[in-house]
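*Asks:* show me the folded form of this:
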Amino acid sequence: FVALEQPDGRYLVRDNAFFVERAPNGRLLITSLDPSLPTPVVRYDSGDQLELCYVGAMTFLHGIDRADNAFNFIGNLIDLKTVRQLVAVGLQQTDALVEVQLSTDVAGRDELLVRVLTDNFSHYARETQSVNDAVLQQLLGHAEIKEALDKQAGTVRVELHPAAAATLSGRNKHQSIIDL
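*Replies:* Here you go, the predicted structure:
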């Protein structure tokens, strides 16, 4: 473990074992200080974006997020941010909380389920089908997603859920991309 989670949600870096730095693009670079490793770990790019903060001699990581939240759907890389933006347009909102669930059907086609998580679930529940249709229309306007249907290589579905139904990891963090 590079850092230990603190009660306030920040992570205290084990600076006796690791040197961490933030690259100009905001990504976490890790160097192991353990001289006994057969292969030294020097400026390893973890794939995470974050903020560093210093309190006295202690270094904390916070605001940790994946730098690349792209997923593969029928061979196309699709960024989760793009999906969130398309869902937000379909909901007529500025942002949206989503989960992307990837699976394969019995015929071997990719299945993409976009779970829209909202605190306004009761508001949308009366219009679930029209909301799902509006979001689906936005998603299918994206060339890499539409290609799945054009080639009959995949399916796309949208489901509306209350925000409390979010899928959480073992560390109680929201899982944005779920690969079944």
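*Asks:* what count of nearby residues applies to A166?
*Replies:* For A166, the count of nearby residues is 16 (other CB atoms under 10 Å). The C-beta positions use only the backbone N, C-alpha and C, and glycine is treated the same way.
*Asks:* what residues does it make contact with?
*Replies:* Applying CB atoms under 8 Å, 6 or more residues apart in numbering to A166 gives the contacts 97, 99, 117, 174-175.
*Asks:* before we move on, what about E144?
*Replies:* By CB under 8 Å, 6+ apart, E144 lies in contact with 73, 76-78.
*Asks:* filter the contacts of A166 to the buried ones?
*Replies:* Burial by neighbour count, 16 or more other CB atoms under 10 Å: within the contacts of A166 this picks out 97, 99, 117.
*Asks:* among those, name the ones in strands.
*Replies:* Residues of these located in strands (DSSP state E): 97, 99, 117.
*Asks:* make JSON lines out of those residues and add distance to V131 and pLDDT.
*Replies:* Listed next are those as JSON lines, based on distance: CB to CB, whole Å; pLDDT from 0 to 100:
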{"residue": "L97", "distance to V131": "14", "pLDDT": "87"}
{"residue": "E99", "distance to V131": "16", "pLDDT": "93"}
{"residue": "L117", "distance to V131": "13", "pLDDT": "90"}
